[in-house]
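> sequence first, then the predicted structure:
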Amino acid sequence: VKIAIWHSEDVMLVAAGALFREGSEWKTFIFRDGKARTTTVEVGHTDGRMSEVLKGITLGDQVLLHPPDTVKDGVEVVKRVTQ
């Protein structure tokens, strides 16, 4: 049985593991020019795995998934390519 409690055709989704709380705001790190850039996002619906992003990032932005605590705004990061 599959029960849909919400549905939309045009939604930007990001993995929940790319989001973190800072105070009362949701944030994520965007990979830009070899560095992690902190960005505030507005989150809508979520199922615990994927979250709807209403504002803060645009289609094509690359976010860091499960960044360690050592990652801060402006820190150089290396893009890992997965198979």
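The structure has been received and is ready for your questions.

> scan the protein for its longest strand.
strand 35-46 (DSSP state E).

> return the alpha-carbon coordinates of the helix or strand following it using PDB.
Using DSSP states H and E, the helix or strand that follows strand 35-46 in sequence is strand 50-55. Presented in PDB, the C-alpha positions along strand 50-55 are these (Å, rounded to 0.1, in the frame of the first residue of the first chain):
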ATOM      1  CA  MET A  50      14.400  14.200   0.500                       C
ATOM      2  CA  SER A  51      13.300  17.800   1.200                       C
ATOM      3  CA  GLU A  52      11.600  20.300  -0.900                       C
ATOM      4  CA  VAL A  53      13.600  23.600  -1.300                       C
ATOM      5  CA  LEU A  54      11.500  26.700  -1.800                       C
ATOM      6  CA  LYS A  55      14.300  29.300  -1.700                       C
END
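
> what helices and strands are in contact with strand 50-55?
strand 13-15, strand 35-46 (3 or more Cβ pairs under 8 Å, 6 or more residues apart in numbering; DSSP states H and E). (C-beta placed from N, C-alpha, C; glycine too.)

> buried ones in the last one?
Going back to what we said before, that points to strand 35-46. Of the residues in strand 35-46, 36, 37, 39, 41, 43, 46 count as buried by neighbour count, 16 or more other Cβ atoms under 10 Å.

> apart from its neighbours in sequence, what residue is nearest the first one?
Residue nearest to residue 36 in three dimensions, not counting chain neighbours: residue 29, with 4.2 Å by Cβ to Cβ, 6 or more residues apart in numbering.

> how about the last one?
Leaving aside its chain neighbours, residue 46 sits nearest to residue 16 (6.3 Å; criterion: Cβ to Cβ, 6+ apart).

> my guess is residue 6 contacts residue 45. True?
Yes: with contact defined as Cβ atoms under 8 Å, residue 6 reaches residue 45; the gap is 5.2 Å.

> just to be sure, the residue nearest to residue 36 is in a helix?
No: under DSSP: H, G, I helix; E, B strand; the rest coil, residue 29 sits outside any helix and is assigned strand.

> burial of it, as a residue count?
By other Cβ atoms under 10 Å, 23 other residues sit near residue 29.
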